[in-house]
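okay, here's the prediction I keep looking at, along with the sequence it came from:
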Amino acid sequence: MKTMKKIFYLIVIALIVAQFFQPEKNEGSLASVEPFYNETKPSEEVKTILKTACFDCHSDTTNYPWYSKITPVNYWLAEHIEDGKKHLNFSNWVGNSVKRKDHKMDELIEEIEEHKMPLESYTLIHKDAKLSESQIEAVTTWAKMVRVSYGIEALPEY
């Protein structure tokens, strides 16, 4: 029993000490997405959807929840954000080729239409990020128009 108590106390001490070590935060400015907005011209509705459901993980600015200060949750979030930005970073839009931008918009459409994004683990806590069918339609329609503006994707026939 003494061994179990010692192990328990060591774990508690390790968790307390770990709280003093934090990963780097993703705290840029929303101004970093302005070039993206200027180029892709989303409606106010789409801007709101992107800000609510996408920017925390896919831009250089994250609105951190209270639990992000707790180790090891903060490291999990940091890795999640880093991975999200690796796949798509709206703050890094200008430096991409038209072909890459078109590809990213195509992936955005696919991920949203297939309900893969936003992630379920994100929408469990961020209920306002769960997209309705009309929001999905608004974002995908806008993204398809962006692709058309890049001249790579033709408009669908109706």
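Noted; the coordinates are in hand.

ok, residue 141 - how many residues close by?
Using other CB atoms under 10 Å, residue 141 has 13 neighbouring residues. Bear in mind the C-beta positions are built from the backbone N, C-alpha and C, glycine included.

quick check: which element contains it?
Following DSSP states H and E, one finds residue 141 within helix 133-149.

pull the CA atoms of that helix into CSV?
Below are the C-alpha coordinates for helix 133-149, written out as CSV (Å, rounded to 0.1, in the frame of the first residue of the first chain):
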residue,chain,number,x,y,z
GLU,A,133,-27.0,22.0,-43.8
SER,A,134,-27.7,25.6,-44.9
GLN,A,135,-24.3,26.7,-43.5
ILE,A,136,-22.6,23.8,-45.4
GLU,A,137,-24.4,24.9,-48.6
ALA,A,138,-23.3,28.5,-48.1
VAL,A,139,-19.6,27.6,-47.6
THR,A,140,-19.5,25.1,-50.4
THR,A,141,-21.3,27.4,-52.9
TRP,A,142,-18.8,30.2,-52.0
ALA,A,143,-15.8,27.8,-52.3
LYS,A,144,-17.0,26.5,-55.7
MET,A,145,-17.2,30.1,-56.9
VAL,A,146,-13.7,30.8,-55.6
ARG,A,147,-12.5,27.8,-57.6
VAL,A,148,-14.2,29.1,-60.7
SER,A,149,-12.5,32.5,-60.2
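
where does the residue most central in space within the chain land on pLDDT?
With the centre of the chain defined as its mean C-alpha position, the nearest residue by CA atoms, centre = their mean is residue 57, 2.4 Å away. pLDDT for residue 57: 93.
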